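In: Predicted model follows, preceded by the sequence.
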Amino acid sequence: MTFKARTVAAVVAATLIFVSSHALQAQEASHKLTAMDEFQLQLPTDPQISPDGKKIAYVRRFNDPMTDKRYSNLWIINTDGTDHRPLTIGNRGDTSPRWSPDGLRLAYLSDADGKQQIYIRWMDTGQTARITNLEQSPDAIAWSPDGKMLSFSALVLGKGPHLADLPAPPSGAKWADPPTAYDRLVYRFNGTGYLKPGYMQIFVVDSEGGAPRQVTNGNFPNGGNEFGPNHASWTPDGKYLIVSVNRHPESDHEYLDTEVYEFSVADGSVRPLTNRKGPDNSPAVSPNGKLIAYTGFDDRYQGHQTTKLYLMNRDGSGSHSLSDKLDRDIQDPQWAPDNSGVYFRYDDQGDSKIGFVSLDGTPKKIADHLASTTGAGGSGTFSLSRTGMIALTYGRPDNPGDIAISNMGAMKVLTALNQELLAQEKPGHVDEISFESSKDNRKIQGWIVHPPDFDPSKKYPLVLQIHGGPFSDYGDRFDLEMQVLAARGYVVLYTNPRGSTSYGEEFANLIHHAYPGDDFYDLNSGVDAVIAKGYIDTNNLFVTGGSGGGVLTCWTIEHTERFRAAASLYPVINWYSFALTSDIPFITKYWFPGLPWDNTDNYMRRSLTNLVSKVKTPTLVMTGEADYRTPISEAEQFYEALKLLNVDTVLVRVPEEPHGIGRRPSHHIAKMLYVAGWFEQHKSK
């Protein structure tokens, strides 16, 4: 779901004031990670290697405690690890660095002048120029092969439904703002809010500045939708843009049914290159212009469907799957410089990797541990140079992420962004665990985060952390929330129960039309497996999770009373109301056998209201007030039900926060401290 109470806001503020005034002293004394390290960690993302393979420009993300906001600057480093320095500085959002084909300029996006625009930097002099001045922010920039133009996506405003001509107010009168009308199935979106009328379109602009020219037209999301912009792939002759778009008349209801289209740069004329039921995404034209790689699947309306890598001729003929030998989801296809095959990223058993598949369909692994994240469910990115060298983000359970290169199969990490912090405040050690589910003896994978000063002869409280999605995975990646719990003396278990991705389509679809359900047995068996190691205080077991993990947290305490307390974060409680209030209503085709009024028994049987009378566990419920993925009305239903049942419960509403509660660093800190505080209050003494 990968889904204001002023008094509460005041409590959050008071908590943070207390934390900010005492946290540094506590950290100094304990040498353990705390929630306030949210402001110390830095993450590298989007590494872009220069065409000659000698330099890497990347985005470096950081959080500012004075403004309570997240920012990013551009940095550069040579591929031999020397000359590591910033290209931009300041509290701003600099993103999407893209090298010109000759490697002499760098295009990027920045809000340095107040609103995101396209900038060009001349690498020899360091001079920069803003080349757009658009009302609607551009995104998804890409250079033309000759370096003379850039393509980008931007919203073109339209008109909403017209219902009436409203009278003008009398002279000098001040009337309220007029109503807003909507007529699209998805009319608001998590993180964005209520959507403006209109469609994203693709433009081109001269790389030396000037008026942008719109290439695509029509009432279609040619340049992308609320999930994100469409990235165009230029053909080598510079005459066409190859883009994935849903231009079907029924696009609102067949949300995933995209096709690959060819748009003429000269006149915007359009031609479809694919035609099947299902997504055709991420097209990439081969360097010689003869082939197009893209991702997708034949839509069978399953909960999870493996995304394959496809290949077709430049004219759309000869389409076939290139990745049948790899039952994993393929993302971000990038052509080898010599046209010999396609590089891509994929998750395998909880680890993000770079793979390569030759034109005959033979896959091989290129690199492990592709990550840059403060959450165990994250991933990383990579790019290719013309020399074949790869720039990537590399992360481990004790390292959120660094910039690395992979050259002829040899990996070298170039940066150490968080080394000083993590040397002073050592994270807890993470071990992998494998166990059998009590449901059917299936092998389940998980990881155990130990307190930094772990002593196996002692007894520790245990937190079961459950991932969301539900079709996603945890892995051997750094997770700040779990590390903060471990630093406070908890052992933390996180697992990939049935339904998780990176284990193949059959494993993921064990929860098809049956979620939540048997995944409980996998989770509960994981708790048993850790207890069997002998260092867990069985009187102090706790459970938490967000989104789909919030769902399973509630499901778990409806099926067992072994946990002393639970924290369910931004859950779905009532699938019927979720289908009618979430920003992803089309999931009724995938997660359920049909619409709620036609399948009421199925929806209600799987809803957390169905078995809520069995709950005895003290439960905290927390959701952001701007969450449109799992709207706060869901959490409120569970809270009210528990109150009616006289179960110990607290509702926390986080102002202005969308799904995940992480837009403001202080809110993420409050999330961590509230969960830890709730567990602390309910520990057996």
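Out: All right, it came through fine.

In: Report the separation between residue 574 and residue 639.
Out: Noted for residue 574: a distance of 13 Å to residue 639, by CB to CB, to the nearest Å. (Glycine included, C-beta is placed from N, CA and C.)

In: er, residue 633 actually
Out: With CB to CB as the criterion, residue 633 and residue 639 are 11 Å apart.

In: and these two? which has more neighbours close in?
Out: residue 639 (24 against 14; other CB atoms under 10 Å).

In: Would you confirm that that one contacts residue 648?
Out: No. Using CB atoms under 8 Å, residue 639 is not in contact with residue 648, being 11.5 Å away.

In: pLDDT score for residue 465?
Out: In this prediction, residue 465 carries a pLDDT score of 98.

In: Would you agree it falls within a strand?
Out: Yes. Under DSSP: H, G, I helix; E, B strand; the rest coil, residue 465 sits within a strand.

In: Counting neighbours, what do you get for it?
Out: Other residues close to residue 465 by other CB under 10 Å number 27.

In: Provide the partner residues of it in its beta bridges.
Out: When bridges are called by DSSP bridges, residue 465 pairs up with residue 494, residue 544.

In: surely it meets residue 496?
Out: No. Contact criterion CB under 8 Å: residue 465 and residue 496 do not qualify, at 11.7 Å.

In: Now the common contact residues for the two.
Out: Common neighbours of residue 465 and residue 496, counting by CB atoms under 8 Å, 6 or more residues apart in numbering, are absent.

In: what kind of secondary structure is the residue of the chain most remote from its centre in?
Out: Within the chain, the residue lying farthest from the chain centre (CA atoms, centre = their mean) is residue 171, at 49.8 Å. Assigned by three-state DSSP, the conformation of residue 171 is coil.

In: ditto for residue 433
Out: strand.

In: Who's the closest spatial neighbour of it, skipping the chain neighbours?
Out: Computed as CB to CB, 6 or more residues apart in numbering, the closest residue to residue 433 that is not its neighbour in sequence is residue 446, at 4.8 Å.

In: The one you found is in contact with residue 437, isn't it?
Out: No. Look at residue 446 against residue 437 with CB under 8 Å: they stay out of range, at 11.2 Å.

In: Between these two, which has more neighbouring residues?
Out: residue 446 (25 against 20).

In: and that one, what pLDDT?
Out: Predicted confidence (pLDDT) for residue 446: 98.

In: what do you get for residue 252?
Out: Looking at residue 252, its pLDDT reads 87.

In: Contact partners for it?
Out: 184, 185, 186.

In: Which strand or helix spans the residue nearest to residue 433?
Out: strand 443-449 (DSSP states H and E).

In: and that strand, which residues are buried?
Out: Neighbour counts over strand 443-449 (16 or more other CB atoms under 10 Å) mark 444, 445, 446, 447, 448, 449 as buried.

In: and if you look at stretch 548-565?
Out: In stretch 548-565, counting by 16+ other CB under 10 Å, buried: 548-560, 562-565.

In: Same check on stretch 134-149?
Out: Result for stretch 134-149 [16+ other CB under 10 Å]: buried residues 134, 136-145, 147, 149.

In: cool, stretch 454-466 as well?
Out: So, applying 16+ other CB under 10 Å, buried residues of stretch 454-466: 454, 460, 461, 462, 463, 464, 465, 466.

In: Quick check: the spatially closest residue to the second one that is not a sequence neighbour vs residue 485, distance?
Out: Taking CB to CB, 6+ apart as the measure, residue 460 lies nearest to residue 491, with 4.6 Å between them; neighbours along the chain are not counted. The gap separating residue 491 from residue 485 is 9 Å, by CB to CB.

In: any common contacting residues for these two?
Out: In contact with both residue 491 and residue 485: 449, 463, using CB under 8 Å, 6+ apart.

In: What pLDDT is listed against residue 5?
Out: So residue 5 comes in at 36 (pLDDT).

In: actually residue 47, not the one I typed
Out: Looking at residue 47, its pLDDT is 98.

In: roughly how far is the one helix or strand it maps to from the heart of the chain?
Out: Assigned by DSSP H and E, residue 47 belongs to strand 43-49. Centre-to-centre, strand 43-49 and its host chain are 16 Å apart (CA atoms, centre = their mean, to the nearest Å).

In: Contacts for that strand, please.
Out: Counting by CB under 8 Å, 6+ apart, residues outside strand 43-49 touching it are 55-62, 72, 75, 79, 95-99, 372-374, 380-385, 389-393, 400-403, 405, 415, 417.

In: pLDDT averaged over stretch 597-616, what's the number?
Out: Stretch 597-616 comes out at a mean pLDDT of 97.

In: How about stretch 184-200?
Out: pLDDT averaged over stretch 184-200 gives 94.

In: Start and end of that stretch, how far apart?
Out: Distance between the two ends of stretch 184-200: 15 Å, counting by CA to CA, to the nearest Å.

In: can you list contacts of that stretch?
Out: Applying CB under 8 Å, 6+ apart, the contact partners of stretch 184-200 are 153-160, 180, 182, 218-226, 229-230, 252-253, 255, 583-586, 626-629, 658-659, 663.

In: Now do the buried residues in that stretch.
Out: Quick answer for stretch 184-200 (16+ other CB under 10 Å): 186, 187, 188, 189, 190, 195, 197, 199, 200.

In: One more: stretch 319-329?
Out: 319, 322, 323, 326, 328, 329.

In: Can you tell me, leaving aside adjacent residues, what's nearest to residue 188?
Out: Residue 188 sits nearest to residue 194 (CB to CB, 6+ apart), 4.6 Å away.

In: wait, residue 680
Out: Once flanking residues are discounted, residue 680 sits nearest to residue 488: 7.9 Å by CB to CB, 6+ apart.
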